[in-house]
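Enquirer: With the sequence up front, the predicted model follows.
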Amino acid sequence: METNAIALTYDDIVILPGYLKRGSESDISTLLCKDRDGHELILKKPFLSAAMDTVTEAKMAIAMAREGGIGVIHVNLSTDEQVKQVKKVKRAENLMISNPIHVNDTTTIKETAELMQKAGFSSIPVLDKDNKILGLAVRPSVRFQEENFEKAITTSMVKNPVIVRLEEVQSEKTSFVDLGKAKRIFANNTQNNTKALLIADENNVLIGMITSKDVENLKTFPFACKDIQGRLRVAAAISTAPHTMERVCLLVEAEVDLLVIDSSQGHSDYVADLISSIKKEFPTMPVVAGNVVTAEGALFLAEAGADIIKVGVGPGAICSTRKISGVGLPQFSAVKEVHAALQRQYPHIAVIADGGIKNTGDIGKAIVAGAKAIMMGNAFAGTDEAPGETIIHEGAKVKVYRGMGSIDAMKNGSGSRYEQDGKTLISHGIVGFVPYKGTVTDIIFQYAGGLRETMKLTGATNLAELKRAKWMQITNAGELESHPHDIKLAHQEPNYGTSK
Ligand code: XMP
């Protein structure tokens, strides 16, 4: 890059309007890469929640995947805890539960009630010693049964549950369960308020279970980001800290969908070495590497074997990297620079624009610059799904949002993101409050809606077309004009005026 070129960020540019054909639809889905089994990893909505300890744990990752994006579980967790969180997301939805928790003919009603409470399940198969189906314990089997608590569950279970063969619910295309077929079976079996189908072999031995909740979720979350087995997809962050490969092995075993190397200095031997170690052990496991902002950094990571490259040094709401080190690049130019370099030699490598989104219009600008998807921290911090309590600060409901390079976060482990493991840490980020924002669903509704407005105004029907939209640099006066002006805000709109 020319050393005297001007670096631009989202506020420095506008996208020019284009021709909109009547009846045009806007498809905002994006192909990130192939998953480790060779299936396409597509986000129906191009959003990732940041790998930060005040943004993404299992609850956020489940919500993100249900809405069509993907969450990256942060690395300030012990390996065991991070693996547990990944498993929680992978178990949240299923086509078929392969080894459902079950009880047997000697289990009491009390024990079954306790198991239901502990596991949070409302349908538990009752099996004999050969795993043959005897019945199904459901909530009414244990409700108000205190007087009969010591009796066997067989006395109050549903004795004629709906039992089907695997072939009856299997998809013709894949060997996996087709929830559409399961839905029809539920529809034809309305007796007993059936909430689970039991799948058995020819000897009535239980193979698996399909819950009506999983079928209902198809309708509730039609854009969900799922793997071929119908499980929500999830990503996990890893660092360049020593022994990371042990963490990687366990995450891969837990069937994480994407590994995201979380480093503020992606153009480094630490990151390249980690990519090659992962690729040596797990050649098809998709790896996101970063962060970089230069062509050289991007090509370095591509050569090291990265499948996706993450861009951003210092644009984040909580970042102080550019101020404390003087290093970084405004985000629109950074994404453009990296995308242009990859286009020439590695056009299949997707770019993720990480950080710096202040308005929903910035999403379209990131796509125009060359991003395939956008990672956000601030946008999702403060929601119900973000870790941490909602507190009252100066009379308003808020949640803590902190940089992974803040002293507080680095003390919890994220120092290796900044290649710092010593006792005296140099801060790269701040700790602050963001307003309480309600649910992630509402936030994604606004960001996806904003992106669709960008597409309408440019006439683009998909993200590849939007990428080709024209843009121009604007002056400071132009940026000021872009905001509402000469008027006092009467009330807050849902998509304007919250970020300052
Ligand atoms: P937003 O603007 O969406 O940015 O809140 C989230 C991204 O910021 C990065 N990040 C940091 N960068 N110091 C930094 O310089 C930090 O302490 C820090 N913590 C997170 C990260 O890439 C995240 O996705």
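Expert: Structure's in. What do you need? These figures come from a predicted structure and were not determined experimentally.

Enquirer: Name the helix or strand for K280, please.
Expert: helix 269-281 (DSSP states H and E).

Enquirer: what sits up against the helix or strand just after that helix?
Expert: Next helix or strand after helix 269-281 toward the C-terminus (DSSP H and E): strand 287-292. For strand 287-292, the external contacting residues (Cβ atoms under 8 Å, 6 or more residues apart in numbering) are 235, 258-261, 263-267, 271, 275, 278-279, 298, 300-301, 304-313, 338, 352, 354. In short, each C-beta sits where N, CA and C put it, glycine included.

Enquirer: Export strand 287-292 to CSV, keeping only CA atoms.
Expert: C-alpha atoms of strand 287-292 as CSV (Å, rounded to 0.1, in the frame of the first residue of the first chain):
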residue,chain,number,x,y,z
VAL,A,287,-9.6,-22.2,10.4
VAL,A,288,-10.3,-18.4,10.6
ALA,A,289,-7.0,-16.5,11.1
GLY,A,290,-6.3,-12.9,11.9
ASN,A,291,-6.3,-10.2,12.6
VAL,A,292,-4.5,-8.4,9.7
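
Enquirer: Report all helices and strands that whichever helix or strand comes after that strand contacts.
Expert: Toward the C-terminus, strand 287-292 is succeeded by helix 295-304 as the next helix or strand (DSSP H and E). Here helix 295-304 touches helix 269-281, strand 287-292, strand 308-311, helix 331-345, going by 3 or more Cβ pairs under 8 Å, 6 or more residues apart in numbering; DSSP states H and E.

Enquirer: what's the residue in the stretch 101-250 of the chain that the ligand sits nearest to in contact with, if anything?
Expert: Residue nearest to the ligand within the stretch 101-250 of the chain: A237 (9.5 Å; Cβ to the nearest ligand atom). By Cβ under 8 Å, 6+ apart, the contact list for A237 reads 51, 72-75, 260-262.

Enquirer: So which of those are in helices?
Expert: Judged by DSSP state H, the contacts of A237 include no members of helices.

Enquirer: Please render those as JSON lines that adds neighbour count and distance to T194 to the earlier fields.
Expert: Converted to JSON lines, these look like this (neighbours: other Cβ atoms under 10 Å; distance: Cβ to Cβ, whole Å):
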{"residue": "A51", "neighbour count": "29", "distance to T194": "40"}
{"residue": "V72", "neighbour count": "29", "distance to T194": "37"}
{"residue": "I73", "neighbour count": "30", "distance to T194": "34"}
{"residue": "H74", "neighbour count": "30", "distance to T194": "39"}
{"residue": "V75", "neighbour count": "26", "distance to T194": "42"}
{"residue": "V260", "neighbour count": "28", "distance to T194": "40"}
{"residue": "I261", "neighbour count": "27", "distance to T194": "46"}
{"residue": "D262", "neighbour count": "29", "distance to T194": "45"}
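
Enquirer: Now flag whichever of the residues you listed is closest to the ligand.
Expert: A51 (6.4 Å).

Enquirer: The closest one touches V72, doesn't it?
Expert: Yes. Here A51 reaches V72: they are 4.0 Å apart, a contact under Cβ atoms under 8 Å.

Enquirer: Common neighbours of the two, please.
Expert: Common contacts of A51 and V72 (Cβ under 8 Å, 6+ apart): 235, 237, 260.

Enquirer: show me the contacts for the closest residue to the second one other than its chain neighbours.
Expert: The one in question is A237. In space, and not counting its chain neighbours, A237 is closest to A51: 3.5 Å by Cβ to Cβ, 6 or more residues apart in numbering. Going by Cβ under 8 Å, 6+ apart, A51 touches 72-75, 235, 237, 260, 262, 404.

Enquirer: that's a strand at the residue of the stretch 101-250 of the chain closest to the ligand, yeah?
Expert: Yes. Assessed by DSSP: H, G, I helix; E, B strand; the rest coil, A237 belongs to a strand.
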